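Asker: let me see the structure of the following:
(chains A and B)
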Amino acid sequence: MKKEEVPQDKSSLSENEITEVCYAVDENGNYTKVSSKGWEPKTIVQNETLQIIEERIAQAKDDVKKGVASPIVYFMEFHKMDLNILADYTGYWKWKMKRHFKPKVFQKLSDKALEKYANAFDISVDELKNFKG
Amino acid sequence: MIKTDFTHHQSAHCENGVASNLLRHQGVSISEPMIFGIGSGIFFVYLPFLKVNYAPVVSFRPMPGLIFKRVVNKLGISLKRKKFRSEKKAALALDENLKNNIPTGLQVGVYNLTYFPDEYRFHFNAHNIVVYGKTDEGYLISDPVMPEPTMLTEKELNKVRFAKGALAPRGQMYFPTKIPKELNIEKAIVDGIKKTCNHMLVPAPLIGVSGIKYVSKQIRKWPKKHGIKKTNHYLGQIVRMQEEIGTGGGGFRFIYAAFLQEAAEVLKNDKLKELSREMTTIGDKWRDFAVNAARVYKNRSNQDDVYNSLADELLNLANLEKRFFKKLKKAI
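Answerer: Numbers count the residues shown, from 1 in each chain, chains lettered A, B, ... in the order given. Prediction:
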């Protein structure tokens, strides 16, 4: 990549006034560091990823509203977590968490158990309990 | 307020950047590409049985921490590393270091780094930053991928140091303690290059050049096996890993070319200069691959053909790199 070819496209970086470093060749054929504001192909791919995450969050929200999933599912998706990551944060086994995903089981959870989840999501127990989708 | 006399330099990759910045602070002038090359930073591995963000794992770099570890070992530098069970003790140890005027490297999780745009905030736990001071408001942070130094509150820093999930940092901090008077850079460069060639040419199916070939074969199968949506998502993962902040573009190929150029000067080996140019061309082809892969999201016609031509591109890259690393091995 030549110095003048380093892309300066609009991106999430430029919106936050951040640049990233690319290595490129100057007019004498020597490598130098060049700041880039962003690159469109990368932005396209990132947007696709965010879109998939947003779809998952919307689906989880809907499931909570319909009463087929507990709020834990929603907050897990909201924080881009999966079962493995949430298991590490709460210390629960995965099969146990899957039970907590059921609204009926969720309603019977003790405050102590709810607190573990609330801490993982950085919210209060009340916020977790009262999320209705 | 405590502040060590640390200078922030922006770099492409966090690990090379922290390594280069910490060593520079100790008076060792060593560039980011040099760290990357000596640490054998070029790598490729495909792990279909491991999923991140619901797509198979592709990595253009070795395990986090390995590059720095190799550099330190090869140059005979002593590095102190500490992990913590207790969050309190981790904070105390860091403060103690700052009091002693030691800028300290930390392994942290990215998800709660508030200064990153949302697009970059995933549960990736092997990011590296340097803490170089503390004020009443919080810690002074030199994140090597950021243009300027930033800040994190005590609470925020604690959170990223004790992020959970794969590769959890467990509060890990590190800093060089002893640097030998004379560094044998020449030998380190040669060793680093040899290791890189061996890794890329290893006759194992998922690693190095064979790994790239394997992914190319898989791309042809994905549309039938998983449908278009999943295939695009899988492709996206490859491009993201290739162009994520820190690669310097083209899956680290440009940083490596920069390293070869520097190495040519140090070793007085013109062959390496030539190979640096060749690596640049290969890097450009990786960029083309990213452009064409991203295009798949826009044009939805002729799907089978599109995936086959992407697979061809990757196969071509694998062949070019195979020839390249064979030549590189002979050049030193």
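Asker: pull up the residues of chain A that are close to chain B.
Answerer: A:1, A:6, A:12-13, A:15-16, A:18-25, A:29-31, A:33, A:35-36, A:39-42, A:44-50, A:52, A:79-81, A:84-85, A:88-89 (C-beta under 8 Å from any C-beta of the partner chain). (Each C-beta comes from the backbone N, C-alpha and C, glycine too.)
Asker: in helices only, show me these.
Answerer: Among those, the ones falling in helices (DSSP state H) are A:12-13, A:15, A:40-42, A:44-50, A:52, A:84-85, A:88-89.
Asker: and the helix or strand where B:Y132 lies, what's buried?
Answerer: Using DSSP states H and E, B:Y132 sits in strand B:127-134. For strand B:127-134, burial by neighbour count (16 or more other C-beta atoms under 10 Å in any protein chain shown) applies to B:H127, B:N128, B:I129, B:V130, B:V131, B:Y132, B:G133, B:K134.
Asker: which one of the residues you listed sits closest to B:R220?
Answerer: Ranked by distance to B:R220 (C-beta to C-beta), these are led by B:H127 at 34.3 Å.
Asker: pLDDT at that closest one, what is it?
Answerer: On the pLDDT scale, B:H127 is placed at 93.
Asker: in the stretch 1-150 of chain B, which spans are strands?
Answerer: B:2-3, B:45-52, B:55-59, B:78-82, B:104-108, B:127-134, B:139-142, B:150-152 (DSSP state E, counting those that start in this stretch).
Asker: so where's the stretch 151-300 of chain B shaky on pLDDT?
Answerer: B:299-300 (pLDDT under 70).
Asker: strands along that one, start to end?
Answerer: In the stretch 151-300 of chain B, the strands defined using DSSP E, counting those that start in this stretch lie at B:173-178.
Asker: chain A contacts on that one?
Answerer: Residues of the stretch 151-300 of chain B found near chain A (C-beta under 8 Å from any C-beta) are B:164-166, B:168, B:232-233, B:236, B:239-240, B:243, B:245, B:248-250, B:254-255, B:257-258, B:261-262, B:276-277, B:280, B:283-284, B:287, B:290-291, B:293-295, B:297-298.
Asker: restricted to helices, list those.
Answerer: The helices, defined by DSSP H, take in B:232-233, B:236, B:239-240, B:243, B:254-255, B:257-258, B:261-262, B:276-277, B:280, B:283-284, B:287, B:290-291, B:293-295 from these.
Asker: pick out the residue nearest the middle of chain A.
Answerer: The C-alpha lying nearest the average C-alpha coordinate of chain A belongs to A:K80 (C-alpha atoms, centre = their mean; 2.9 Å).
Asker: ok, that residue touching B:Y120?
Answerer: No: using C-beta atoms under 8 Å, A:K80 makes no contact with B:Y120, being 11.4 Å away.
Asker: and the residue of chain A positioned farthest from its centre, backbone torsions?
Answerer: Among the C-alpha atoms of chain A, the one most distant from their mean position (C-alpha atoms, centre = their mean) is that of A:N28, at 43.0 Å. Note on A:N28: its backbone torsions stand at phi -90, psi 10 [degrees, to the nearest 10].
Asker: same question for A:K37.
Answerer: When read as degrees, to the nearest 10, the backbone of A:K37 gives phi -80, psi -20.
Asker: how much space separates the closest residue to it other than its chain neighbours from B:L113?
Answerer: Excluding the flanking residues, the one nearest A:K37 by C-beta to C-beta, 6 or more residues apart in numbering or on different chains is A:S14, at 4.2 Å. Note on A:S14: its distance to B:L113, by C-beta to C-beta, to the nearest Å, is 18 Å.
Asker: with neighbour numbers in mind, choose between those two.
Answerer: Between A:S14 and B:L113, counting by other C-beta atoms under 10 Å in any protein chain shown, B:L113 is the more crowded of the two (22 against 16).
Asker: contacting residues for the more buried one?
Answerer: Taking C-beta atoms under 8 Å, 6 or more residues apart in numbering or on different chains, we find B:L113 in contact with B:R121, B:H127, B:D143, B:L152, B:V160.
Asker: residue contacts, B:H127?
Answerer: With C-beta under 8 Å, 6+ apart, B:H127 has these contacts: B:C14, B:Q107, B:V108, B:G109, B:V110, B:L113.
Asker: run the last query once more with 7 Å
Answerer: B:H127 makes contact with B:C14, B:V108, B:G109, B:V110 under the criterion C-beta atoms under 7 Å, 6 or more residues apart in numbering or on different chains.
Asker: which one of the residues you listed has the most neighbours?
Answerer: Within these, B:V108 tops the neighbour count with 28 neighbours, counted by other C-beta under 10 Å.
Asker: can you pull the pLDDT of that residue?
Answerer: For B:V108, pLDDT reads 96.
Asker: same question for B:A19.
Answerer: Turning to B:A19, the model gives it a pLDDT of 94.
Asker: with B:N53 instead?
Answerer: Looking at B:N53, its pLDDT is 80.
Asker: how near is A:K10 to A:I44?
Answerer: A:K10 sits 12 Å away from A:I44, taking C-beta to C-beta as the criterion.
Asker: perfect, that will be all.
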